[in-house]
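Participant: Task: produce atomic coordinates for the following.
(one chain, ligands or ions: 1)
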Amino acid sequence: MALDIFKITGPVSLAGAVTISGSKNAALPIMAATILAPGKNTLLGIPNLSDISVMCKLMEDMGCKTNADGGSIAIDTTNIEKPFGDYEIVRKMRAGVCVLGPLLARQGRAEVSMPGGCAIGYRPVDIHLRGLQELGAKIELKNGYIVAHANGGLKGTNIFLGGPFGSSVLATANVLSAAVLAKGKTVIESAACEPEVTDLANCLVKMGAKISGIGSPQLTIHGVKHLNPVEYTVIPDRIEAGTFLAAAAITKGKLKLKNCRLEHLMAVVDKLRSMNIPVEETQDGCEISSNGRIQPTDITTLPYPGFPTDLQAQFMAVLCLANGNSVITEKIFPDRFMHIAELSRMAANLRKEGPHVIVSGVEKLIAAPVMASDLRASAALVVAALAAYGQTVVNRVYHIDRGYEKIEEKLNAVGAKIERQSV
Ligand code: UD1
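Facilitator: Below you'll find the predicted structure:
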């Protein structure tokens, strides 16, 4: 693994236009869902990211053929030789667990590693397993693997998929992907409503699945016997877009985001407006213009359409420079605060009280060497560094490379000063 670092010189003020890439979190479960449609599938709008390569590797290991070519991926799922998800892959990327539902539905059996631990806290898969068991799967845990069988096939039923923190995005993806080939009718209550789940459902419908209630917490699925391969374009990445909005906000910048769906970012736009930062819709995206002192605001992360947990760290960075105190409450992953210690090294004033963080705005952030700990926390460090005085060195940028396509090139094209170095 290349241990690249970023050297970021600030403060800068961003100006210009940025094109948002396709959504990583929509692409991963959709790639897994092509297992349900034997043949040649083509996915478009796929970002060139290490997580996508990891999913290709996982699918190739089981006998699929993948070919990535500048934003599109051809996945030939004609042959599945072994319905297996290796620990070495799934421990690196939790979304690997998305192959479980499709494999079970198509092959009647699957063996997929339990995902490993993660810097954002304990992330169980009990909701995934419960949902699949309700569809008739027999599931055992053996040597760290989920071993699932559906000998008589899966059968539709009514499933409540809520957990202690509300709905689950990937559990909904897994159970939905299994139910489309189950016998009879399945109703999923408390389904996740995230746009990435909607995108998966739309792709499944294009393959021939019968799903109603798409985008709502109640999905009704009438099982079909088989699905057909598709060509499908994934939605733009709302988290990448939100990260650029945060970068514009903190640098008092003016950015146009192209290929961005503002309707997926309403909670974020609402918060930016209360911070005195207007965002306007344009024909293919939006425009943000930040000047003057940022106003403090309170943010609570919630399942969609609430404020996304995947933007909590980046907006904490922005609020570090607000004109007063803000409170950030994390309701999805209560331990997702690895960035506090690193932002504090840059002279931020932060105090954690359980799942709440009190952010006392400071006049300026000061560059420091910092360590990326996970994908979105590292994005927050880049956002902070753009506004910090001096040269910030961000270590372990491979975390950022998992989820942001050419982030330094995109930011440098609108006025950032970021240098990537291999160490
Ligand atoms: C997905 C996203 C991730 C995002 C998260 C929440 C992908 C690849 N990842 O992760 O970027 O931060 O949604 O929007 O799309 N939970 C359980 N049991 C389970 C599953 C989840 O208790 O079986 C809990 C989790 O610990 C968490 C909450 O439910 O507290 C929501 O997690 P979930 O929506 O499942 O996150 P992921 O789908 O893993």
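
Participant: all strands for the stretch 301-423 of the chain, in order.
Facilitator: Ranges of strands within the stretch 301-423 of the chain are 325-329, 349-353, 356-360, 369-371, 390-395, 418-422, based on DSSP state E, counting those that start in this stretch.

Participant: now the longest one against strand 418-422, angle please.
Facilitator: Strand 390-395 and strand 418-422 meet at an angle of 40 degrees, taking axes from the mean of the first three to the mean of the last three Cα atoms, to 10 degrees as the criterion.

Participant: just to revisit the earlier point, could you dump the strands of the stretch 301-423 of the chain to a markdown table with mean neighbour count, mean pLDDT and distance to Ala74?
Facilitator: Every residue, glycine included, has its C-beta placed from N, CA and C. Output for the strands of the stretch 301-423 of the chain, formatted as a markdown table (neighbours: other Cβ atoms under 10 Å; pLDDT from 0 to 100; distance: least, Cβ to Cβ, whole Å):
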| stretch | mean neighbour count | mean pLDDT | distance to Ala74 |
| --- | --- | --- | --- |
| strand 325-329 | 19 | 98 | 42 |
| strand 349-353 | 13 | 97 | 46 |
| strand 356-360 | 19 | 98 | 44 |
| strand 369-371 | 19 | 96 | 38 |
| strand 390-395 | 20 | 97 | 35 |
| strand 418-422 | 14 | 96 | 30 |
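
Participant: what does the protein have sitting close to the ligand?
Facilitator: Taking Cβ under 6 Å from any ligand atom as the contact definition, the chain meets the ligand at 25, 28, 94-95, 123-128, 163-165, 168-171, 192, 196, 309-310, 332-333.

Participant: which of those count as buried?
Facilitator: 25, 28, 94-95, 125, 127-128, 165, 168-171, 192, 196, 309-310, 332-333 (16 or more other Cβ atoms under 10 Å).

Participant: ok, back up a step: and the strands of the stretch 301-423 of the chain as TSV, adding distance to Gln107?
Facilitator: TSV is the format used below for the strands of the stretch 301-423 of the chain (distance: least, Cβ to Cβ, whole Å):
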stretch	distance to Gln107
strand 325-329	42
strand 349-353	45
strand 356-360	45
strand 369-371	42
strand 390-395	42
strand 418-422	41
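
Participant: Can you tell me which of these is nearest to Arg261?
Facilitator: Nearest of the strands of the stretch 301-423 of the chain to Arg261, taken as Cβ to Cβ: strand 325-329 at 24.7 Å.

Participant: Please, where are all the helices along the stretch 301-423 of the chain?
Facilitator: Counting by DSSP state H, counting those that start in this stretch, one finds helices in the stretch 301-423 of the chain at the ranges 312-319, 339-345, 375-387, 398-401, 407-412.

Participant: Now mean pLDDT and mean neighbour count too, for these, in CSV please.
Facilitator: CSV is the format used below for the helices of the stretch 301-423 of the chain (pLDDT from 0 to 100; neighbours: other Cβ atoms under 10 Å):
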stretch, mean pLDDT, mean neighbour count
helix 312-319, 98, 29
helix 339-345, 97, 21
helix 375-387, 97, 28
helix 398-401, 91, 21
helix 407-412, 98, 19
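
Participant: In JSON lines, list those along with distance to Leu43.
Facilitator: Below are the helices of the stretch 301-423 of the chain laid out as JSON lines (distance: least, Cβ to Cβ, whole Å):
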{"stretch": "helix 312-319", "distance to Leu43": "27"}
{"stretch": "helix 339-345", "distance to Leu43": "32"}
{"stretch": "helix 375-387", "distance to Leu43": "21"}
{"stretch": "helix 398-401", "distance to Leu43": "20"}
{"stretch": "helix 407-412", "distance to Leu43": "22"}
